[in-house]
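Student: Please find the sequence and the predicted model below.
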Amino acid sequence: MSAPAPAPVDVLAAERPPAFRRLLKRPEIGALIAAVAVFLVFSAVADSFLRTSSFGTVLYAASTIGIMAVPVSLLMIGGEFDLSAGVLVTTAALTSSMVSYQLTAVTWVGVLVSLLVVLAVSAFNGWMLSRTRLPSFIVTLGTFLMLTGANLGVTKLVTGTVTTKPISEMEGFASCRWLFASEVTVGGLTVKATVWWWLALLLAGSWVLLRTSFGNWIFAVGGDAAAARAVGVPVARTKTVLYLGVGFCAWVLGQHLLFSFDTVQSGEGVGNELIYIVAAVIGGCLITGGYGSVAGSALGALIFGMTSKGIVYAEWNPDWFKFFLGAMLLLAALLNAWVRRRVEQGAGR
């Protein structure tokens, strides 16, 4: 009697170590590969890209996107968008400046009033979303248009121009500048305050997402809100808190904008919301929600920083920047989809 034939063995799966398979499951693996590729390209074509001073410039450019990419990625994992995020940054800066100049002459008062204003706008987004059940695209598009008009209209009404008045001589400006717009130079490397804010928010966001029950709620409501609600997850409250996170980070970046340049243009911020979403998607967040990582959004922001400054150092035509960023978005999304399919095929064997 002949022995039974041995079961077929997937040689590749057998040789592939478990640690490697776990690595492929990470949402940010595509962004990591893309970041390494971008770094190598600009290192080869631009000698100045590898200078210590250039590294500080790249970090600064990445941090101004990364601060907002953290809450935007959490919101996208939760299954929602915020198209008002870009102009909300400008709203925060304008509110701080005009309240300080017109009412108190103390910058800290304007800063705190600004925080209340942006949190109120974010809470409104969350409330409208839960009450009306409209798509977040529609809700936040409406907020985006209202804030764009209010930023311009209120600024012209109060100041007579589209720019706020200088506030550098007011009480509290120096301390506010230290908190939001200071910089430290060590060995030729200049690190601005936004980098520290970015790192702190990155660590906090990663901890919340991966180490708390609220992080489980975020994945649950993004994957299937109805199923999450059925098992007791407070869907409306979870999404409102995520919008409040976007508002807080918009406030931080808005204060940096104000205290770095002393005045603010009312039309700034339009279009930046798309860059924040691009950073999150490049970092592995799915448009449909329920999947992604905060660390991936940091890599997406770093790719933005390397690209925006690398093009300058390489002396390429900067008009092609948006084309390159769009190509990176598509390539990262395709790579993430390919990696996920390979992982799912390997798990099914």
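Tutor: Here it is on my side, so go on.
Student: List the backbone torsions phi and psi for the residue nearest to residue 168 when sequence neighbours are not counted.
Tutor: The spatially closest residue to residue 168, leaving aside those adjacent along the chain, is residue 262, at 4.8 Å (Cβ to Cβ, 6 or more residues apart in numbering). Every C-beta, even on glycine, is put in place using the N, C-alpha and C of the backbone. Residue 262 has phi and psi values of phi 80, psi -30 when expressed as degrees, to the nearest 10.
Student: separation between residue 262 and residue 252?
Tutor: In this structure, residue 262 and residue 252 are separated by 18 Å, where distance is defined by Cβ to Cβ, to the nearest Å.
Student: do residue 51 as well
Tutor: When distances are taken as Cβ to Cβ, residue 51 and residue 252 turn out to be 28 Å apart.
Student: of these two, who's got more company?
Tutor: Under the criterion of other Cβ atoms under 10 Å, the comparison of residue 51 against residue 252 puts residue 252 first, with 23 against 14.
Student: Just the pLDDT at the nearest residue to residue 290 once chain neighbours are set aside, thanks.
Tutor: With sequence-adjacent residues excluded and distances taken as Cβ to Cβ, 6+ apart, residue 290 is closest to residue 223, at 3.3 Å. Here, the pLDDT recorded for residue 223 equals 90.
Student: what's residue 223 in contact with, if anything?
Tutor: 79, 289-291 (Cβ atoms under 8 Å, 6 or more residues apart in numbering).
Student: among the residues you listed, who's most crowded?
Tutor: Neighbour counts for those were taken using other Cβ under 10 Å; the highest belongs to residue 79, with 25 neighbours.
Student: re the thing from before, ok, the contacts of residue 223 vs residue 239, which is closest?
Tutor: residue 79 (7.9 Å; Cβ to Cβ).
Student: wait, that closest one sits on residue 228?
Tutor: No - counting by Cβ atoms under 8 Å, residue 79 sits too far from residue 228 to count as a contact (9.8 Å).
Student: Ignoring the adjacent residues along the chain, who's closest to residue 39?
Tutor: Spatial nearest neighbour of residue 39, chain neighbours left out: residue 306 (6.1 Å); criterion: Cβ to Cβ, 6+ apart.
Student: would you list every one of the strands in the chain?
Tutor: Here the chain has its strands, by DSSP state E, at 183-186, 189-192.
Student: among the ones you listed, which is the most enclosed?
Tutor: strand 189-192 (a mean of 18; mean count of other Cβ atoms under 10 Å).
Student: Mean confidence (pLDDT) on that strand, please.
Tutor: Looking at strand 189-192 alone, the average pLDDT works out to 92.
Student: Neighbouring strands of that strand in the sheet, and parallel or not?
Tutor: In the sheet containing strand 189-192, its partner strands are strand 183-186 (antiparallel), by DSSP bridges.
Student: where's residue 197 relative to residue 109, distance?
Tutor: With distances taken as Cβ to Cβ, residue 197 is found 21 Å from residue 109.
Student: Looking at these two, which is more packed in?
Tutor: When residue 197 and residue 109 are compared on other Cβ under 10 Å, the one with more neighbours turns out to be residue 197, at 22 against 17.
Student: OK, contacts around the more buried one?
Tutor: With the criterion set at Cβ under 8 Å, 6+ apart, residue 197 makes contact with 63, 67, 180, 252, 256.
Student: same deal with residue 75?
Tutor: Taking Cβ under 8 Å, 6+ apart as the definition of contact, the neighbours of residue 75 are 81-82, 239, 242-243, 245-246.
Student: Most neighbours among the residues you listed, which one is it?
Tutor: Looking at the contacts of residue 75 with neighbours defined as other Cβ under 10 Å, the largest count falls to residue 82 at 32 neighbours.
Student: isn't that one right up against residue 273?
Tutor: Yes - here residue 82 reaches residue 273: they are 7.0 Å apart, a contact under Cβ under 8 Å.
Student: re earlier: number of nearby residues for the residue nearest to residue 168?
Tutor: The number of residues packed around residue 262, counting by other Cβ under 10 Å, is 16.
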